[in-house]
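Could you work out the structure for the sequence below:
(2 chains)
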Amino acid sequence: MATVTEAEAPPLAPQPAPKPPKKRGRLVPYWLLLPGLLWLVVFFALPMIYQGSTSVQTGSLEEGYKVTWHFATYWDALSEYWPQFLRSVFYAGAATVLCLVLGYPLAYLIAFRAGRWRNLIMILVIAPFFTSFLIRTLAWKTILADGGPVVGALNTLHVLDVTSWLGWTAGDRVLATPLAVVCGLTYNFLPFMILPLYTSLERIDGRLHEAAGDLYAKPITTFRKVTFPLSMPGVVSGTLLTFIPAAGDYVNAELLGSTDTRMIGNVIQTQFLRILDYPTAAALSFILMAAILAMVTFYIRRSGTEDLV
Amino acid sequence: MEQYEPDRLTPAQTAAMRRSLRNGRAAMTRRSLLRASAGGALAVGGIGALSGCGIPAAGKTQGGTSAEDHSATEKTLNFSNWTEYIDLDDSGKHHPTLETFRRRTGISVKYTEDINDNNEFFAKIKPQLAAGQDTGRDLVVLTDWLAARVIRLGWVQKLDPSNLPHAYTNLSPQFRNPDWDPGRAYSYPWQGIPTIVAFNKKALDGIEVKSVSDLLDNPKLKGRVSFLSEMRDTMGMTLLDMGKDPAKFTDDDFDAAIARLQKAVDNGQIRRFTGNDYTSDLTKGDIAACVAWAGDIVQLKNDSPDVDFVIPDSGYMTSTDNMLVPNKARHKTNAERLIDFYYEPEQAAALAAYINYATPVEGVKPYLAKIDEDAANNPLIVPDKAMQARSHSFRALSQKEETAYEEKFAKLTGA
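So this is what the prediction gives:
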């Protein structure tokens, strides 16, 4: 940073005109960026480098680990754990779709119809965040208990026969099945969907709706041609904010799932903490990151909102 | 989670519940692996990278193990233990046994409850110990398999027997000679943790459960049985059930036990592999029978009359949590005095009365009976000779075996 002041000093003397302040002004944004950049370097770039290096090391706890550029770890990890990868994508995708289906009407209601209830409903959406993630997830064990009213009702209505046939549940219970994990994921990440949806819906000018009506558009057409396209930035950021953490989550699968619902987060956790296979854990994290990055890029290209990122 | 609704309970149950909630070694500990996760799965990758890339040195610590012992001049002791694993007075602030220790020796103990999970704690102290640095702790409590690992790695100090007269005399015979620390050169048990078979009478509805075989084979229990996610406890109980000795089994025995469990996983008999979170499932009856930790069951029985346990004829597993002095600790002698202090039957009784685990100290019974008659007669807290005879422990594993077995077990549990 010393160079900055040096570069600044000479032009100051010969030119009294407005140029120097302009130059200084141009540097201000970079100074303001500095804390953020430092943060990124320390908490993102450095860990990434460490992690990348770990993933190509070999060794053991007793002999220590050395970088041997053993890239085969990646292939081994992928060929061993691809089912868990696919499952994570599938569960996170299902939870994201469910969040969108549940969240959109609610966000619409808050933005356009809630009136003076708006703040109250917003608080209700955010309030669960005041308790711990873990406790909220454990609460679902009570909600979905085998003898509880929810499972009882689903059994009476024969819904569980259908879901069991589809392989989402097992027998007459919901807990320890894929459905329970997806329910938990949906619940835990729903606010991440609602909040961006609400912000983009709330910005839509109500007069556009009136104009559409004046042009003889039916309400459904208004929604299809006006409201929904204008809320696309909210849909895109909402789905990303839901999908990305859901794909890496392992608490829901651990508490609400069973042996056949383990997600890639569970595998990484097991590899790192229990088996102490740090290279495999690091490689798996990298693969997960790359896969999510690829999917997100593709998704943003397709939805035509590059300006979002 | 019904135990969190105090208004529905009788005063006696409320008292029991409070006790059980305070008793975090049982109620909270193993679940904590999840607590960390609330911070986000990214953390796993991040921590993994950092500690992994320190490129830790080979096993033994360089530059000697012991630091200068400052015990004589600094009358303090840094003691790291599991959450809620010690006696507490009614104000919830003081630990009476530690107060007694301070009054008697002048050593004030800085007691920190910073161990929630063996694997996590190992990841936390590994960088310092691998680099031969002081962890800032003089005494830590680790479960036997992790104690075995740190002893194997040479990361803990040999204890001085002359400072441990009570411990030497009063240590229960069943814990005297673990194969990973013969004669207790490095470690002394804090508490024993029996693993048993527990069930919910109401949920069983007359079905008889007496062994691990019943859990694995009775089709009426399909999908209502859980095992523990702690490899040695689940595998030990299964090996015992198959007539093998967990203290000297072979690779083939282990594989056979895995295959047996795998079959039960595949046909849906086993619902889940759990940490401490099985307790709420068991009281609700979602789980009818399970492999469980005795400390939890002692408390659940207070909570819910339906919960009970059985010791299989083939025997049961007992693991231990052990006190160890890490390398470079500044107050080794003070730590040894504290270990010895807890091996006085009177102090051990005060502790046992509060935390409901199996006491490793002989001669506790008469002292405990003065505080809590029921606890003194509970074979899970004070194991009698017959109980001790049926107790087994898992043999020490080489690092290669440990990795291989953990991998096989992880595959069984889904990842």
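
Give me the longest helix you can find in chain A.
Longest helix in chain A by number of residues, with DSSP state H as the criterion: helix A:72-108.

Quick one: check that one for contact with chain B.
Yes: under the criterion of Cβ under 8 Å from any Cβ of the partner chain, chain B is reached by helix A:72-108 at A:81, A:84. All C-beta spots, glycine's among them, are computed from the backbone N, C-alpha and C.

other SSEs contacting that helix?
Helix A:72-108 makes packing contacts with helix A:178-202, helix A:232-248, helix A:264-269, helix A:278-303 when contacts are defined by 3 or more Cβ pairs under 8 Å, 6 or more residues apart in numbering or on different chains; DSSP states H and E.

so what does the following helix or strand past it touch, helix or strand wise?
Toward the C-terminal end, the helix or strand that comes next after helix A:72-108 (DSSP states H and E) is helix A:118-126. Identification of packing neighbours for helix A:118-126 by 3+ Cβ pairs under 8 Å, 6+ apart yields helix A:178-202.

and the helix or strand following the helix it packs on, how far out from the chain's middle?
On the C-terminal side of helix A:178-202, the closest following helix or strand by DSSP H and E is helix A:206-214. With Cα atoms, centre = their mean, to the nearest Å as the basis, helix A:206-214 stands 34 Å off its chain's centre.

contacts for helix A:206-214?
Taking contacts as Cβ atoms under 8 Å, 6 or more residues apart in numbering or on different chains, the residues outside helix A:206-214 that touch it are A:112, A:221-222, A:225-227, A:230.

Now list the buried members of those.
If you count burial by 16 or more other Cβ atoms under 10 Å in any protein chain shown, the buried members of the contacts of helix A:206-214 come out as A:222, A:226-227.

any chance of those in a markdown table, plus secondary structure and pLDDT?
As requested, the buried ones among the contacts of helix A:206-214 are exported to a markdown table (DSSP: H, G, I helix; E, B strand; the rest coil; pLDDT from 0 to 100):
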| residue | secondary structure | pLDDT |
| --- | --- | --- |
| A:222 | helix | 93 |
| A:226 | helix | 92 |
| A:227 | helix | 93 |
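
Tabulate those (TSV), appending distance to residue B:399.
Supplementary listing: those in TSV, determined by distance: Cβ to Cβ, whole Å:
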residue	distance to residue B:399
A:222	67
A:226	65
A:227	61
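
which of these are close to chain B?
Under the cut-off given by Cβ under 8 Å from any Cβ, chain B has nothing from these close to it.

and which of those residues is nearest residue A:79?
If you rank the buried ones among the contacts of helix A:206-214 by distance to residue A:79 using Cβ to Cβ, residue A:227 comes first, at 45.9 Å.

Pretty sure that closest one sits against residue A:204.
Yes: Residue A:227 is in contact with residue A:204 according to Cβ atoms under 8 Å; the separation is 6.4 Å.

coming back round to it: what's the most buried one of the helices and strands packed on helix A:72-108?
Here the criterion is mean neighbour count by mean count of other Cβ atoms under 10 Å in any protein chain shown, and of those the winner is helix A:264-269, at a mean of 27.

name the helices or strands packed onto it?
Taking 3+ Cβ pairs under 8 Å, 6+ apart as the contact definition, the neighbouring helices and strands of helix A:264-269 are helix A:72-108, helix A:232-248, helix A:251-256, helix A:278-303, helix B:32-37, helix B:42-53.

Just list what the longest strand along chain B packs against, helices and strands only.
Using DSSP state E, we find that the single longest strand of chain B is strand B:187-200. In terms of contacts (3+ Cβ pairs under 8 Å, 6+ apart), strand B:187-200 is packed against helix B:231-241, helix B:278-284, strand B:289-293, helix B:294-303, strand B:307-310, strand B:316-324.

Show the subsequent helix or strand relative to that strand.
Reading on from strand B:187-200 to the C-terminus, the next helix or strand found by DSSP H and E is helix B:201-204.

Can you list the buried residues in that following helix?
Buried positions in helix B:201-204, judged by neighbour count with 16+ other Cβ under 10 Å: B:201, B:203-204.

and what of stretch A:32-49?
Neighbour counts over stretch A:32-49 (16+ other Cβ under 10 Å) mark A:47-48 as buried.
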